[in-house]
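A.B. asks: Quick one, fold the following:
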Amino acid sequence: MQKHLVIAFVLTLSTAVLGGCYTTEKGVEENVITGQYTTTVSATADQAIAAAREVARDMHYTEVSYNVTKTDGHLQATTSTETIVEFDSHATGDRLSEITVRVGIGDQKLSRELLEKIKAKL
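C.D. replies: This is a model prediction of the structure:
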């Protein structure tokens, strides 16, 4: 009996993890488990995170950390209400990158807005 419970638990957990991502709109993927929103942009990873940095400054966010390489970038900032906003970029090809945004525990509306602002800067 205990073996069956363990198997059922593992299957349930694996289904939840595999089912955590779905596309919310054309080109934007939402991970409901992590609250992250990801889209692909026509830019290098360093250009994508630089655009995210500009957006964060435009929104008057306070920069906490900023790291960038040719293939990856990370920006953490806070809003005026101390909500943590994280941006990550990762190169997926020549002049093609994924940019990911996470606002707090997954603010869908603001995450989408930030992704649109980043795309507009590229």
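
A.B. asks: Can you tell me which residue is spatially central in this protein?
C.D. replies: With distances taken as C-alpha atoms, centre = their mean, the residue of the chain nearest its centroid is Thr100 (2.4 Å).

A.B. asks: need the contact list for that one.
C.D. replies: Applying C-beta atoms under 8 Å, 6 or more residues apart in numbering to Thr100 gives the contacts 36-38, 86-90. The way it works is simple: take the backbone N, C-alpha and C, and place the C-beta from them, glycine included.

A.B. asks: Show me the beta-bridge partners of it.
C.D. replies: Beta-bridge pairing for Thr100 (DSSP bridges): Thr38, Asp88.

A.B. asks: contacts for stretch 101-108?
C.D. replies: So stretch 101-108 is contacted by 24, 30, 32, 34-38, 52, 83-87, 110-111, 114-115, 118 (C-beta under 8 Å, 6+ apart).

A.B. asks: Distance of Ile33 relative to Val68?
C.D. replies: For Ile33, the distance to Val68 equals 27 Å [C-beta to C-beta, to the nearest Å].

A.B. asks: neighbour-wise, which of those two wins?
C.D. replies: A side-by-side neighbour count of Ile33 and Val68, using other C-beta atoms under 10 Å, places Val68 first with 17 against 12.

A.B. asks: Could you give the bridge partners of that one?
C.D. replies: Counting by DSSP bridges, Val68 forms beta bridges with Gly73.

A.B. asks: tell me the contacts of it?
C.D. replies: So Val68 contacts 45-46, 49-50, 74 (C-beta under 8 Å, 6+ apart).

A.B. asks: give me that answer again for 10 Å
C.D. replies: For Val68, the contacting residues are 45-50, 53, 74-75, 89, by C-beta atoms under 10 Å, 6 or more residues apart in numbering.
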